[in-house]
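> give me a 3D structure for the following:
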Amino acid sequence: MAPGFMSFLRGVLGGGERPPEAAAAESATEYKGFSIVPAPRRESSGWLTAGTISKAFPDGAKEHKFIRADTYSNRDDAVAFCITKAKQIIDEQGDRMFAPSSR
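Okay, the predicted model is just below:
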């Protein structure tokens, strides 16, 4: 059978590679009124960039989770990049990141 098809079957049937390992979330970093919580995940290729950006609003807190394809060989580098990436998202999108998507 084709290698791609076998990978698909392993994914559907639960065989093959181990699922990503979620690491304990780091403590929050405050930036421009937002709270950034890095949460890199362990994958077979390294530590995946992931985290949460949140902000308190009068009608309650809102949260935006992000995952990027960037991977790092050690957790500390991944945490540092999570914070950098979250700051970039905040600078580019601000409160718009919490708007409902039009998809």
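> mind listing what's buried in the top helix by length along the chain?
In the chain, with assignment by DSSP state H, the single longest helix is helix 75-93. Within helix 75-93, the residues scored as buried using 16 or more other Cβ atoms under 10 Å are Arg75, Asp77, Ala78, Val79, Phe81, Cys82, Ile83, Lys85, Ala86, Lys87, Ile89, Ile90. C-beta here means a position set from N, CA and C on the backbone, and glycine is covered the same way.
> gap between Ala61 and Ala78?
25 Å (Cβ to Cβ, to the nearest Å).
> cool, Ala39 as well?
Taken as Cβ to Cβ, the span from Ala39 to Ala78 is 10 Å.
> do a quick rundown of the helices in the protein.
Under DSSP H, the chain gives helices at 3-13, 75-93.
> mean pLDDT lowest for which of those?
Among these, helix 3-13 has the lowest mean pLDDT, at a mean of 54.
> contacting residues around Leu63?
One correction, residue 63 is Glu, not Leu. Going by Cβ atoms under 8 Å, 6 or more residues apart in numbering, Glu63 touches Thr52, Ile53, Ser54, Phe98.
> was I right to think Lys87 contacts Gly51?
No. Assessed by Cβ atoms under 8 Å, Lys87 is found out of contact with Gly51, at 10.8 Å.
> between those two, which contacts overlap?
Here Lys87 and Gly51 have Ile36 as joint contacts, going by Cβ under 8 Å, 6+ apart.
> pull the helix or strand with minimum mean pLDDT from this structure.
strand 21-22 (a mean of 49; mean pLDDT, DSSP states H and E).
> which residues does the spatially most central residue of the chain bridge with?
Nearest residue to the geometric centre of the chain (Cα atoms, centre = their mean): Ala50, 2.0 Å. Beta-bridge pairing of Ala50 under DSSP bridges involves Ile67.
> any idea how far it is from Asp76?
Ala50 is 15 Å from Asp76, by Cβ to Cβ.
> and if you look at Ile89?
21 Å.
> could you pull out the buried residues of stretch 49-65?
Going by 16+ other Cβ under 10 Å, stretch 49-65 has these buried residues: Thr49, Ala50, Gly51, Thr52, Ile53, Ser54, Lys55, His64.
> rewinding a little: which ones are touching the residue nearest to the centre of the chain?
For Ala50, counting by Cβ under 8 Å, 6+ apart, the contacting residues are Pro38, Ala39, Pro40, Arg41, Lys65, Phe66, Ile67, Arg68, Cys82.
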